[in-house]
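Asker: need coordinates for the below:
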Amino acid sequence: MARAIMIQGTMSNAGKSLLTGGLLRVFKQDGWKAAPFKSQNMALNSYITSEGLEMGRAQVMQAEAAGIEPSVRMNPILLKPTNDTGSQVIVNGEVRGNMPAREYFKYKKALIPDIMKAYRSLEEEYDIIVLEGAGSPAEINLKEEDIVNMGMAKLAGAPVLLAGDIDRGGVFAQLFGTIQLLEPEERKMVKGTIINKFRGDKTILEPGVKMLEERIQIPTVGVIPYLHVDIDDEDSLTERFDRREAGGAVDMAVIRLPRISNFTDFRPFEAMDGVSLRYVQTAGQLGEPDMILLPGTKNTMEDLLWMRQNGLEAAIVKRAAAGAVVMGICGGYQMLGESLSDPYGVEAGGKIRGMGLLPMETVFERQKTRTQAEGSFRAVEGPLSGLSGISFRGYEIHMGETVIGDGAAPLTDLSGLGKADGAQAGNIYGTYVHGIFDEEAVAKGVAAALYERKGFSAEEIRAFDMEAYKERQYDILADAVRKNMDMEAVYRILEAGL
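Answerer: Below you'll find the predicted structure:
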């Protein structure tokens, strides 16, 4: 049976996901077969496995770091917020329904058998499992029903490493206060602390570390520097959304919708020389980008109404009329049409007009489409004609069916599914396929088209291999963890267990 260790944090965004990924990469480098596990994740960034099941992208990132195929068993419960007080509940990759927060709070303990079935399956297959908590284990109003922090550590028999975020300040209070709010038996489960996101001279920090260890009688096993690695992060807390300045030869603007999902679709452009990709929330921030990207969203209709109310829709339509390339992915694609209908109340219910940039209509159905997809671009017209014939791989995850009318043509053929996808008309494009830009030739083809429209030479664009780039980032992460964490102590904790 696998040995286990768990990363918990003093708060959200303490760096649990990255530390988990870093440990998994170290274990892989050391010859172990290791896997991630997070019993419950709340995120809008999701992924479809080869079996057509849905899971959080954070565990996909961690599986990639471990060098293994992502499996829904690594994230048996995924909560996708639909509003401020409710979420779509996904169990082992399948939708169970939408629940208000209070209803789910009462229901979640009934999911422990599902959680443990997934965990035991991984336990039989791997040498080491690195579990990740959520938020803080010291939420005293939630501890009794906990299934993701100390409750999960008990179920798995996993010793805990508690991480605090020094970049936000007050890291000693974070760690000390969290430990003090734990029950005595829970404190015994914490075998080490980690000070994360440190900047500065470590010798200045050392007296504080020593005093903390004396007070809580738990060793500090690592002081991890603030890492500049380009790795998928949690959607609601990502620093990517802070990018708002245009600085490259080519300016690409992503609309930061209130319920934005799968913004990782645009990562290939973030790492491309000469391209500046920024996130905008207002018409004033939009400016005059060369390309506007409408991302996926958990609630297409409400996010479209949000754009309509704050003036972004009108600004995008005006920019499109001026010749800027506009492309929508999934929910962003649906917005580009003439109408969106929700007869079953899947989202907001009723019917609203779309942006009118593509002649098509979308109807939301009860059944969610979840599938991996591969195919190639058809004969592409307009500014992105250079994409014609290029192959790609990705996945579909949406709650609607779109029918295009006269004046538009399908954008791609999905060979594995035997159907056409997306739509194109002039400088407006849309597709349901997430990850479509991950293929080097696709991202480079888009950038080359934008370069040439501005009179620059596309020869300046360097080849970009997303998979190789990710591998380098995981190795950088592992090097930092190995250098700044006492891995001998971590292995001793693993060996001893609880």
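Asker: just the strands in the stretch 51-200 of the chain please.
Answerer: 54-56, 77-83, 86-91, 94-100, 128-132, 160-165, 190-198 (DSSP state E, counting those that start in this stretch).
Asker: residue 317 is nearest to which of those?
Answerer: Checking the strands of the stretch 51-200 of the chain against residue 317 by CB to CB gives strand 77-83 as the closest, at 27.0 Å. Quick note: C-beta positions are derived from backbone N, CA and C, even for glycine.
Asker: that older thread, adding mean neighbour count and mean pLDDT, write the strands of the stretch 51-200 of the chain out as JSON lines.
Answerer: Below are those laid out as JSON lines (neighbours: other CB atoms under 10 Å; pLDDT from 0 to 100):
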{"stretch": "strand 54-56", "mean neighbour count": "26", "mean pLDDT": "95"}
{"stretch": "strand 77-83", "mean neighbour count": "21", "mean pLDDT": "90"}
{"stretch": "strand 86-91", "mean neighbour count": "20", "mean pLDDT": "93"}
{"stretch": "strand 94-100", "mean neighbour count": "14", "mean pLDDT": "92"}
{"stretch": "strand 128-132", "mean neighbour count": "25", "mean pLDDT": "98"}
{"stretch": "strand 160-165", "mean neighbour count": "27", "mean pLDDT": "98"}
{"stretch": "strand 190-198", "mean neighbour count": "24", "mean pLDDT": "97"}
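Asker: can I get those in JSON lines including distance to residue 227?
Answerer: Below are the strands of the stretch 51-200 of the chain laid out as JSON lines (distance: least, CB to CB, whole Å):
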{"stretch": "strand 54-56", "distance to residue 227": "21"}
{"stretch": "strand 77-83", "distance to residue 227": "26"}
{"stretch": "strand 86-91", "distance to residue 227": "30"}
{"stretch": "strand 94-100", "distance to residue 227": "35"}
{"stretch": "strand 128-132", "distance to residue 227": "17"}
{"stretch": "strand 160-165", "distance to residue 227": "12"}
{"stretch": "strand 190-198", "distance to residue 227": "8"}
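Asker: among the ones you listed, which comes closest to residue 335?
Answerer: strand 77-83 (17.4 Å).
Asker: can you tell me the SS state at the residue in the chain sticking out farthest from the centre?
Answerer: Distance from the centre of the chain peaks at residue 214, with 38.0 Å (CA atoms, centre = their mean). Of the three states, residue 214 takes helix according to DSSP: H, G, I helix; E, B strand; the rest coil.
Asker: now it: how far from residue 163?
Answerer: Residue 214 sits 20 Å away from residue 163, going by CB to CB, to the nearest Å.
Asker: where does this protein have low pLDDT?
Answerer: 233-247, 463 (pLDDT under 70).
Asker: keeping just the C-alphas, turn the longest helix along it into PDB.
Answerer: In the chain, with assignment by DSSP state H, the single longest helix is helix 466-484. Extracted C-alpha coordinates of helix 466-484, given in PDB (Å, rounded to 0.1, in the frame of the first residue of the first chain):
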ATOM      1  CA  MET A 466       3.900  23.600 -24.800                       C
ATOM      2  CA  GLU A 467       4.700  20.100 -23.500                       C
ATOM      3  CA  ALA A 468       8.400  20.700 -23.400                       C
ATOM      4  CA  TYR A 469       7.800  24.100 -21.800                       C
ATOM      5  CA  LYS A 470       5.700  22.500 -19.000                       C
ATOM      6  CA  GLU A 471       8.300  19.900 -18.300                       C
ATOM      7  CA  ARG A 472      11.000  22.600 -17.900                       C
ATOM      8  CA  GLN A 473       8.700  24.400 -15.400                       C
ATOM      9  CA  TYR A 474       8.100  21.300 -13.400                       C
ATOM     10  CA  ASP A 475      11.800  20.600 -13.200                       C
ATOM     11  CA  ILE A 476      12.400  24.200 -12.000                       C
ATOM     12  CA  LEU A 477       9.800  23.700  -9.400                       C
ATOM     13  CA  ALA A 478      11.300  20.500  -8.200                       C
ATOM     14  CA  ASP A 479      14.800  22.000  -8.000                       C
ATOM     15  CA  ALA A 480      13.500  24.700  -5.800                       C
ATOM     16  CA  VAL A 481      11.700  22.300  -3.500                       C
ATOM     17  CA  ARG A 482      14.700  20.000  -3.300                       C
ATOM     18  CA  LYS A 483      17.100  22.900  -2.500                       C
ATOM     19  CA  ASN A 484      14.900  24.600   0.100                       C
END
